[in-house]
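> Below are the sequence and a predicted model; questions follow.
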Amino acid sequence: MHHIEIIPLELPIIKEGDDIADLIIDSIRKTDVLISDGDIIVIAHTIISRAEGMEFHLSSLNPSPISELIARRTGKDPSLVELILSEASKLLKVENNIIITQTKQGWICANSAVDQSNSKPNCAVTLPTDSSKSASFIGKKLSDFFQKNLSLLIADTHGRALRRGAINVAIGSYNFSVIDDAKGREDIFGYKLKSTVVALADEVCSAAELVMGQAGEMIPVVVIKGLKQRSIVSDIEELQFEDGRRLFQ
């Protein structure tokens, strides 16, 4: 038996150009968290997006005719719709005042994951251009500073097909077993698992959200200690189904 700790880290309000790794180091020093081999850092994507200049003033955008049309159907700000469409590789559905898209990064979600919460007034934040690249940069810097073998996940809040409520999921990773392949392990009765594959990165991000919160908690980063990774390091793309394997379209 082992236990898992989820340790919150407070950071200041992030602005463009901030060094997220340095701010995390400062927060760890202030909270006297002891960093160990195997620790996992989970970061809310919003602060990375803001540091990388992915926060947009809606008044600076010029809505296209299609954005104006969708805005009328959904009751959304036309400029917000313009930003949503600019972040999409495919427009999949407009229904119940929700826009479902496939983002440039390949995620299928509502509103291209464009978020007005925790952004400045009259602004919205998009996903980082390449979350795993951002995760790698920050993860390597933290690992080098602390001289520990660390993993890092970047999280975003997504809804789920046929389930109410949103949960945190992983959209970027560094040095982590994104997929835990349990095939071949035995259950309590000796049955060998044949198809069990666990989205470990999503589970960890959802656990992190328990202390991160969704509103004004000012906890965009957590340290998770005690999790044992049993599968090889895998890429974040392993979480996505190819079009032909999706059960819901």
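Ah, there it is.
> Show the end-to-end separation of stretch 41-53, please.
This stretch, stretch 41-53, spans 22 Å end to end (CA to CA, to the nearest Å).
> Tell me how this protein divides into domains.
As given by automatic domain parsing, the domain ranges for the chain are 5-54+128-239, 56-124.
> Can you add mean pLDDT and mean neighbour count and give those back as JSON lines?
Yep, even glycine has a C-beta here, placed from its N, CA and C like the rest. Converted to JSON lines, the domains of the chain look like this (pLDDT from 0 to 100; neighbours: other CB atoms under 10 Å):
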{"stretch": "domain 5-54+128-239", "mean pLDDT": "91", "mean neighbour count": "17"}
{"stretch": "domain 56-124", "mean pLDDT": "93", "mean neighbour count": "17"}
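> Surely A113 and A124 touch.
No: using CB atoms under 8 Å, A113 is not in contact with A124, being 10.4 Å away.
> Overlap of the contact sets of those two?
Taking CB atoms under 8 Å, 6 or more residues apart in numbering as the contact criterion, A113 and A124 have no common neighbours.
> could you point out which element follows the longest strand that the chain contains?
Longest strand in the chain, counting residues (DSSP state E): strand 163-174. Downstream of strand 163-174, the next assigned helix or strand under DSSP states H and E is strand 180-181.
> Which elements pack onto that following strand?
When contacts are defined as 3 or more CB pairs under 8 Å, 6 or more residues apart in numbering; DSSP states H and E, strand 180-181 packs onto strand 197-198.
> Pairing partners for the strand it packs on, with directions?
Using DSSP bridges, strand 197-198 pairs in its sheet with strand 180-181 (antiparallel).
> and the partner strand, how far from the chain's centre?
Computed by CA atoms, centre = their mean, to the nearest Å, the chain-centroid distance of strand 180-181 equals 20 Å.
> again with stretch 56-71
25 Å.
> now do stretch 196-209
Relative to the centre of its chain, stretch 196-209 is centred 11 Å away, using CA atoms, centre = their mean.
> what sits up against it?
4, 6, 40, 42, 153, 155, 157, 167-170, 173, 176-183, 185, 222, 224, 227, 229, 231, 236, 239.
> Just to be sure, I154 is in a strand?
Yes: I154: assigned to a strand according to DSSP: H, G, I helix; E, B strand; the rest coil.
> Now do the same contact list for it.
Applying CB under 8 Å, 6+ apart to I154 gives the contacts 42-45, 48, 128, 131-132, 134-135, 170-173.
> Next one: it relative to P128, how far apart?
As for I154, its distance to P128 is 7 Å (criterion: CB to CB, to the nearest Å).
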